[in-house]
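Trainee: Model the following, please.
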Amino acid sequence: MARKASIDIGTNSTRLLVAEINPDHTITPLYAAERITRLGEALSRSGALSDEAMTRVSQALAEYRSLAQAYGVEAYHVIATSATREASNQAFFLRKMAQETGFQVSVVTGETEAYLSFIGALHDQPVECEALVCDIGGGSTEFVLGRREQMRLAASLPLGSRRLTETCFLPKRPVEQAAAEARRYCRQELDRRFNDVAHPKQGLACGGTATTLAMMATRTPLHEAEKIHGYWLT
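Mentor: I've put the predicted structure just below:
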């Protein structure tokens, strides 16, 4: 059995998963970690990744390489998403990561990011299950509708926790006003893409925002986060 590591460089966090790949192509997670690296900090204003943000990611990647090596990892898959996709200094960032950490980072499209969320969320669902998968990130939110490996719709929208925070929740602006503006913006983007889409029978949410909301609703401590898998969030 092979041991592999996947690293996801997001707009707000950088995540690691070390897993064993079984002969039947299932995976057995061995170790997971998350660092809040805030790569997309101030990106909406400057259009570029800051030196401080890139350094935080570089430090996380160096730490993850050491952790993965301790588990005997044979191969790495490193991807970057929304913040890196949009950054004017994307090429510089990728060269910096290669030089400082040895990782060749692949920048995935919004559609690919949506597909990866989709197959991950549906892997333990019945084959006939049709669902809308929603993955809220820091810079974008991915929506995919369909059955396992039979997508009917895939969209990546500019609705992310860090993006909305920096765009709407400005200093000295009343929170109620900022929240109302954020809701209007989200509704506008969602209506523009999904106005003529039939409602799915089931919704599956993944990612840090959904996990945090479910943990808050159930008062689940951080070290027991796996307990909220499958929780029905109204």
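
Trainee: Can you give the domain ranges for the chain?
Mentor: 2-107, 110-228 (automatic domain parsing).

Trainee: how about the strands in the protein?
Mentor: Using DSSP state E, the strands of the chain run over 2-9, 14-21, 27-35, 75-80, 106-107, 131-136, 141-147, 150-157, 203-206.

Trainee: Determine the number of other residues adjacent to Cys129.
Mentor: 14 (other CB atoms under 10 Å). Backbone N, C-alpha and C define where each C-beta goes, glycine included.

Trainee: Give me the distance between it and Pro200.
Mentor: From Cys129 over to Pro200 the distance is 10 Å, taken as CB to CB, to the nearest Å.

Trainee: so what's the residue most central in space within the chain up against?
Mentor: Centroid-nearest residue in the chain: Gly137, 4.6 Å away (criterion: CA atoms, centre = their mean). The contact partners of Gly137, by CB atoms under 8 Å, 6 or more residues apart in numbering, come to Gly10, Thr11, Asn12, Thr81, Ser82, Gly160, Ser161, Gly207, Gly208.

Trainee: Check the gap between it and Gln150 for me.
Mentor: Distance check for Gly137 against Gln150: by CB to CB, it reads 24 Å.

Trainee: before we move on, what about Lys227?
Mentor: Taken as CB to CB, the span from Lys227 to Gln150 is 30 Å.

Trainee: Same question for Asp8.
Mentor: 24 Å.

Trainee: These two: who's more crowded?
Mentor: Between Asp8 and Gln150, counting by other CB under 10 Å, Asp8 is the more crowded of the two (19 against 9).

Trainee: show me the contacts for that one.
Mentor: Asp8 neighbours (CB under 8 Å, 6+ apart): Thr14, Arg15, Ile79, Thr81.
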